[in-house]
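J.: pasting the sequence and the predicted model now:
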Amino acid sequence: MGVGDDIAPRFTQKPVLKQEDNGAKLVFQCTLEASPKPDIQWFQGTTPISQSNRIKMRVEPAGGNKYNVMMDIIGVTAADAGTYKVVAKNKLGEVSASINLNFSGKDPGLLIKYTI
């Protein structure tokens, strides 16, 4: 591929889930390659997620045509459980990946299980 070639979005790392702040903060992260830079949308189930004081979304350059795509959920509660989907779209195509967030036990910060 030469410089300036357009690339349909594709994941180079599927979504992973990390706990921070003793489980009070969840970070969903994936890496994708695309050119031009894709538009990113997150969903919980089929509902689009909007940025708020609890939810922060960002896309950071990772070198070349790669991007780190992240979403933080702060103050995690049992209501945050469910299937999350990230969709990346540019003029050449669209790709999506899902990750399930399930809680075990009474304290959602202790045992978080997820599947991709």
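T.: That came in fine, so what should we check first? Numbering: from 1, shown residues only.

J.: pull up the pairing partners for the lengthiest strand in the chain, direction included.
T.: Looking across the chain with DSSP state E, the single longest strand is strand 7-20. Here strand 7-20 has these sheet partners by DSSP bridges: strand 25-35 (antiparallel).

J.: hmm, who's touching the longest strand of the chain?
T.: By CB atoms under 8 Å, 6 or more residues apart in numbering, the residues outside strand 7-20 that reach it are 1, 25-35, 38, 65-66, 84, 86, 88-90, 92-95, 97-99, 101, 109, 112, 114, 116. Heads up, the C-betas are built off the backbone N, CA and C, glycines and all.

J.: show me where the chain has its strands.
T.: With strands called from DSSP E, the chain shows them at 7-20, 25-35, 39-44, 47-48, 55-61, 66-74, 82-90, 93-104, 111-115.

J.: can those strands go into a markdown table with extra columns for mean pLDDT?
T.: Shown next, in a markdown table, are the strands of the chain (pLDDT from 0 to 100):
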| stretch | mean pLDDT |
| --- | --- |
| strand 7-20 | 92 |
| strand 25-35 | 95 |
| strand 39-44 | 97 |
| strand 47-48 | 97 |
| strand 55-61 | 96 |
| strand 66-74 | 96 |
| strand 82-90 | 95 |
| strand 93-104 | 89 |
| strand 111-115 | 45 |
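
J.: reformat these as JSON lines; add mean neighbour count.
T.: Listed next are the strands of the chain as JSON lines, based on neighbours: other CB atoms under 10 Å:
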{"stretch": "strand 7-20", "mean neighbour count": "15"}
{"stretch": "strand 25-35", "mean neighbour count": "20"}
{"stretch": "strand 39-44", "mean neighbour count": "17"}
{"stretch": "strand 47-48", "mean neighbour count": "10"}
{"stretch": "strand 55-61", "mean neighbour count": "14"}
{"stretch": "strand 66-74", "mean neighbour count": "19"}
{"stretch": "strand 82-90", "mean neighbour count": "19"}
{"stretch": "strand 93-104", "mean neighbour count": "15"}
{"stretch": "strand 111-115", "mean neighbour count": "14"}
